[in-house]
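Student: model the structure of this input:
(2 chains)
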Amino acid sequence: MSTSKTGSDSGSVKVSASADELEVLQTSVASALTRHAYGEHALFAIRLAIEEAVMNAIRHGNLSDPAKKVEARWSVGADSAAFHIIDEGEGFDPGAVPDPTLDENLEIPSGRGLMLIRAYMSEVRHHGMGNHLEMIFRREAAA
Amino acid sequence: MASETSRLRFSSQGSVLLVEFADRDVLDEVAIRQINSELVRQIEAAKTAHVLVCFRGVEHLSSAALGTLITVNSLVKKRGGQLRLSNIKGTILEVFRITKLDRLFQIHDSSEQALAAFPRG
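Tutor: So this is what the prediction gives:
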């Protein structure tokens, strides 16, 4: 982890299939957000989005292969926080994910992670084949 | 009689099985798998079909936890009972609203209100 001259905190963590490193990532990001005085709602939103993004990358991207890692890069500044979650999978078409809020899908136990990420983050982009997720949280969006 | 596991606390409240969380975060997959199997085991062993899940003290919840609640809801319905949820903090309630799961679950402000809403007998 590092802090730049502009006061931006950044770091990266490689997360294995067991997700053992996820708590280290969450703690580092939460510390940086707290240093920049982000509010409780922002901390909640970002913690949830990171959890969903990394677990999706492990499960659906890397197919829980213990030989594969998820790279999580983050940068927290005064006005926004950015996250890149990159897996070693074959990617996917984000447009093909079924809407979990439709009546016919409401009782399906999975498929809500991406929707929550989109709801809580200010910007969400999929790069490459879909195995590189970029999430940006802008401070003015925080309640 | 109350029993305790590492993740959940179970007790009988009349004709209702009351479930409470031991952890403030219901996020990580290993913990949620453990919660899922413990819930299913306790519900299948319970004498009553009704279940109240109280979220007092829970600060974070992931989509995997929502999935477990959906699975439990199906199991409880199959046994002829009702699943009700209570004491959900505002930030978590927002997660239920975003996913529209507030339409699927019966959510109450307090466990007292939830217990009073179950059918008698």
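
Student: quick one: distance of the helix or strand containing B:Leu66 to the chain centre.
Tutor: For B:Leu66, the host element (DSSP states H and E) is helix B:63-78. Helix B:63-78 has its C-alpha centroid displaced from the chain centroid by 9 Å (C-alpha atoms, centre = their mean, to the nearest Å).

Student: what packs against the following helix or strand past that helix?
Tutor: Next in sequence after helix B:63-78, counting helices and strands by DSSP H and E, comes strand B:83-86. Secondary-structure packing of strand B:83-86 (3 or more C-beta pairs under 8 Å, 6 or more residues apart in numbering or on different chains; DSSP states H and E): strand B:50-54, helix B:63-78, strand B:106-108, helix B:111-117. C-beta: built from backbone N, CA, C; applies to glycine.

Student: tell me the SS of A:Ile136?
Tutor: strand (DSSP: H, G, I helix; E, B strand; the rest coil).

Student: just A:Val13 next, same as before
Tutor: Quick answer, by three-state DSSP: A:Val13 is strand.

Student: residue contacts, it?
Tutor: A:Glu21, A:Val24, A:Leu25, A:Ser28, A:Glu71, A:Ala72 (C-beta atoms under 8 Å, 6 or more residues apart in numbering or on different chains).

Student: tell me how far the second one lies from A:Ser80.
Tutor: Just to be clear, that refers to A:Val24. 22 Å (C-beta to C-beta, to the nearest Å).

Student: next: the first one.
Tutor: Remark: distance between A:Glu21 and A:Ser80 (C-beta to C-beta) = 24 Å.

Student: do the fourth one as well
Tutor: Per C-beta to C-beta, A:Ser28 is found 17 Å from A:Ser80.

Student: does the helix ranked longest in chain A come close to chain B?
Tutor: Using DSSP state H, we find that the single longest helix of chain A is helix A:40-56. Yes. Looking at helix A:40-56 against chain B by C-beta under 8 Å from any C-beta of the partner chain, the contacts come from A:Glu40, A:His41, A:Phe44, A:Arg47, A:Leu48, A:Glu51, A:Glu52, A:Met55.

Student: dump these to JSON lines, plus pLDDT, neighbour count and distance to B:Thr91.
Tutor: What follows is those, written out as JSON lines (pLDDT from 0 to 100; neighbours: other C-beta atoms under 10 Å in any protein chain shown; distance: C-beta to C-beta, whole Å):
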{"residue": "A:Glu40", "pLDDT": "94", "neighbour count": "11", "distance to B:Thr91": "8"}
{"residue": "A:His41", "pLDDT": "94", "neighbour count": "15", "distance to B:Thr91": "7"}
{"residue": "A:Phe44", "pLDDT": "95", "neighbour count": "21", "distance to B:Thr91": "5"}
{"residue": "A:Arg47", "pLDDT": "96", "neighbour count": "20", "distance to B:Thr91": "10"}
{"residue": "A:Leu48", "pLDDT": "96", "neighbour count": "24", "distance to B:Thr91": "9"}
{"residue": "A:Glu51", "pLDDT": "95", "neighbour count": "26", "distance to B:Thr91": "14"}
{"residue": "A:Glu52", "pLDDT": "95", "neighbour count": "24", "distance to B:Thr91": "15"}
{"residue": "A:Met55", "pLDDT": "94", "neighbour count": "23", "distance to B:Thr91": "19"}
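
Student: farthest-apart pair in these, please.
Tutor: Maximum pairwise distance in those, criterion C-beta to C-beta, is 22.7 Å, between A:Glu40 and A:Met55.

Student: re the thing from before, what about A:Val24 and A:Ser80, which has more around it?
Tutor: A:Ser80 (17 against 14; other C-beta atoms under 10 Å in any protein chain shown).

Student: bridged to the more buried one, which residues?
Tutor: For A:Ser80, the beta-bridge partners under DSSP bridges are A:Arg138.
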